[in-house]
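Participant: let me see the structure of the following:
(one chain, ligands or ions: 1)
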Amino acid sequence: MRGLRHVGTALLPLALLAGAAQAQDDRYPQLVPPTTGSIGSAGDKWSGEPGASGHPLMMPDAILAAVADFKNCLERIWPEAARRGISRASFETFTAGLEPDVKIMDFVDAQPEFTKAFWDYVDLLVTDERIARGRELLAAHAATFDAVEKAYGVDRHIVAAIWGVETKYGTAAGERPVIRSTATLACVGRRQAYFRDEFLAALEILHRGDIRPEQLKGSWAGAFGSTQFMPTAFKRYAVDFDRDGRRDVVGSVPDVAASTANHLVKAGWLAGQTWGYEVVLPQGFNYLLADPARKLTLQEWTRHGVTRPGGAPFPRAGDKATLFIPAGARGPAFLLLDNFRAIMKYNPAEAYALAIGHLADRLRGGGPIVQAWPREERVLTRAERLELQQHLARHGFDVGEPSGRLGLKTRAAVRDFQARSGLVPDGFATVAILERLRAR
Ligand code: CA
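Facilitator: Numbers count the residues shown, from 1 in each chain. Predicted coordinates:
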């Protein structure tokens, strides 16, 4: 679980929240408001509004009370900091004059309408600029990437793609001091238990001197460095690859690359395998095979008539994969290997993982996705997604608890509904499907 994350551009923050179970059920990443901008400026003041969650700790009075109690709250955390080997001197140095960044409370519950289609999301992340810059950096740091690839077995293009998507190769990592953001979240609002651990981990980073205080800056949720590690993820995965005594995921390319590769290895990355392939499905294909539970070898998929665009064979026919059709039968199809799931552990959104895999292919010299997306399809609004789930539930399909998020269960329910209605069962929730459900 990585906690709150976002893409560094602040334009396109990725996902979501600490409640990874919820996040993993997301079809699309959540849009979180911009996180950069100078602290304390007019646009960066807390709204004073209650949080949308309705949680008691997100009510203005509770927030104000927590702000007033901030110093005491930090002092209540001190004994745990001491147990972790943080000296009193360090604790006082790094918390001296610390004031809560209350603006963050406006972000905690934000659930703006997410109206970006899967293809728009991939387009936004996989740009010509990112491809060109990534290729330059891979060439400039070839020796480092050689060494990291040899040590971790993770494809350098995947590591570079994460670097590019998360922070535009380290140029857009966020400006909020991590110690202040995590201290705020540890003491104010509804996520205190989760962020207490992040705050303590941030203190440990500063106490050990891995990152200098002025460099420990990031998103409002405390993700920092070129590939946006949360402090606890840093503790688990960061490595000192250039052996200067510091695990510097902000300023050292070797440390950034190795730490990111190490994170993927711990997430289950299998050396020698890729993330997946774009594939073409034959006429009359049985779309019920596009089920995340149905894992076949690439050779077995070939027997079902699944081919690569252009007809090239799969390099490793024995690798196992599931079939993924994110935009239904009229869009591109992909065979996903287990490494796709490792990327999703880095950030639990399919659109993110596909963008990373595709950008990696482009960095390697590959071409664009060959098959067209159904760009004329309008993405359902949150209200419409919720309504779709309610109709499906009303007709006896299992969608779990209707949430407005279209996860695996909803996709399976749409497929079942399509199959029962004589439609192509591709699981893609469209306006037409919603209208058909409404009419029943
Ligand atoms: Ca280092």
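
Participant: enumerate the residues of the stretch 251-400 of the chain near the ion.
Facilitator: 252, 255 (C-beta under 5 Å from the ion). C-betas here are computed from N, CA, C, even on glycine.

Participant: helices of the stretch 251-400 of the chain, start to end?
Facilitator: Along the stretch 251-400 of the chain, counting by DSSP state H, counting those that start in this stretch, helices occupy 253-266, 298-303, 338-346, 350-363, 382-394.

Participant: helices or strands next to the lengthiest helix in the chain in the packing?
Facilitator: Among the segments of the chain that qualify as a helix by DSSP state H, the longest is helix 192-208. Counting contacts by 3 or more C-beta pairs under 8 Å, 6 or more residues apart in numbering; DSSP states H and E, helix 192-208 packs against helix 70-83, helix 88-95, helix 178-187, helix 231-237.

Participant: among those helices, which is nearest the ion?
Facilitator: helix 231-237 (12.7 Å; C-beta to the ion).

Participant: only alpha carbons, please: show that closest one as CSV.
Facilitator: The C-alpha coordinates for helix 231-237 follow below in CSV (Å, rounded to 0.1, in the frame of the first residue of the first chain):
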residue,chain,number,x,y,z
PRO,A,231,8.2,7.7,3.6
THR,A,232,7.3,4.2,4.7
ALA,A,233,7.9,2.9,1.1
PHE,A,234,11.2,4.6,1.3
LYS,A,235,12.0,2.7,4.5
ARG,A,236,11.1,-0.6,2.8
TYR,A,237,12.6,-0.1,-0.7
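
Participant: tell me what that helix is packed against?
Facilitator: Looks like helix 231-237 contacts helix 192-208, helix 253-266 (3+ C-beta pairs under 8 Å, 6+ apart).

Participant: make JSON lines out of these and add mean neighbour count, distance to residue 346 and mean pLDDT.
Facilitator: As requested, these are exported to JSON lines (neighbours: other C-beta atoms under 10 Å; distance: least, C-beta to C-beta, whole Å; pLDDT from 0 to 100):
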{"stretch": "helix 192-208", "mean neighbour count": "21", "distance to residue 346": "17", "mean pLDDT": "97"}
{"stretch": "helix 253-266", "mean neighbour count": "24", "distance to residue 346": "6", "mean pLDDT": "98"}
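
Participant: wait, what's in contact with the residue lying closest to residue 330 once chain neighbours are set aside?
Facilitator: Nearest residue to residue 330 in three dimensions, chain neighbours excluded: residue 374, at 4.4 Å (C-beta to C-beta, 6 or more residues apart in numbering). Neighbouring residues of residue 374 by C-beta atoms under 8 Å, 6 or more residues apart in numbering: 327, 328, 330, 331.

Participant: pLDDT value on residue 374, please?
Facilitator: Reading off the confidence values, residue 374 has pLDDT 97.

Participant: quick check: it vs the ion, distance?
Facilitator: 47 Å (C-beta to the ion, to the nearest Å).

Participant: for residue 353, see how far away that residue is.
Facilitator: Between residue 374 and residue 353 the computed distance is 20 Å (C-beta to C-beta, to the nearest Å).

Participant: can you put the helices and strands packed on helix 192-208 in CSV and add distance to the ion and mean pLDDT?
Facilitator: Below are the helices and strands packed on helix 192-208 laid out as CSV (distance: least, C-beta to the ion, whole Å; pLDDT from 0 to 100):
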stretch, distance to the ion, mean pLDDT
helix 70-83, 24, 98
helix 88-95, 20, 97
helix 178-187, 18, 98
helix 231-237, 13, 97
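
Participant: point out the most buried one among these.
Facilitator: helix 178-187 (a mean of 27; mean count of other C-beta atoms under 10 Å).

Participant: that one: how far from the chain's middle?
Facilitator: 21 Å (C-alpha atoms, centre = their mean, to the nearest Å).

Participant: restrict it to CA atoms and write it as PDB.
Facilitator: Below are the C-alpha coordinates for helix 178-187, written out as PDB (Å, rounded to 0.1, in the frame of the first residue of the first chain):
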ATOM      1  CA  VAL A 178       7.100  16.200   3.700                       C
ATOM      2  CA  ILE A 179       7.700  16.500   7.400                       C
ATOM      3  CA  ARG A 180       5.000  19.300   7.600                       C
ATOM      4  CA  SER A 181       2.500  17.400   5.400                       C
ATOM      5  CA  THR A 182       2.800  14.100   7.200                       C
ATOM      6  CA  ALA A 183       2.800  15.800  10.600                       C
ATOM      7  CA  THR A 184      -0.400  17.700   9.600                       C
ATOM      8  CA  LEU A 185      -2.100  14.500   8.500                       C
ATOM      9  CA  ALA A 186      -0.900  12.600  11.600                       C
ATOM     10  CA  CYS A 187      -2.600  15.100  13.800                       C
END
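
Participant: what lies in contact with it?
Facilitator: By C-beta under 8 Å, 6+ apart, helix 178-187 touches 66, 69-70, 73-74, 77, 94-95, 98-102, 104, 108, 191-192, 194-196, 198-199, 201-203, 206, 213, 216-222, 224, 231.

Participant: repeat that for stretch 125-141.
Facilitator: With C-beta under 8 Å, 6+ apart, stretch 125-141 has contacts from 7, 12, 145, 156-157, 160-161, 163-165, 168-169, 253, 257, 352, 355, 358-359, 362-363.
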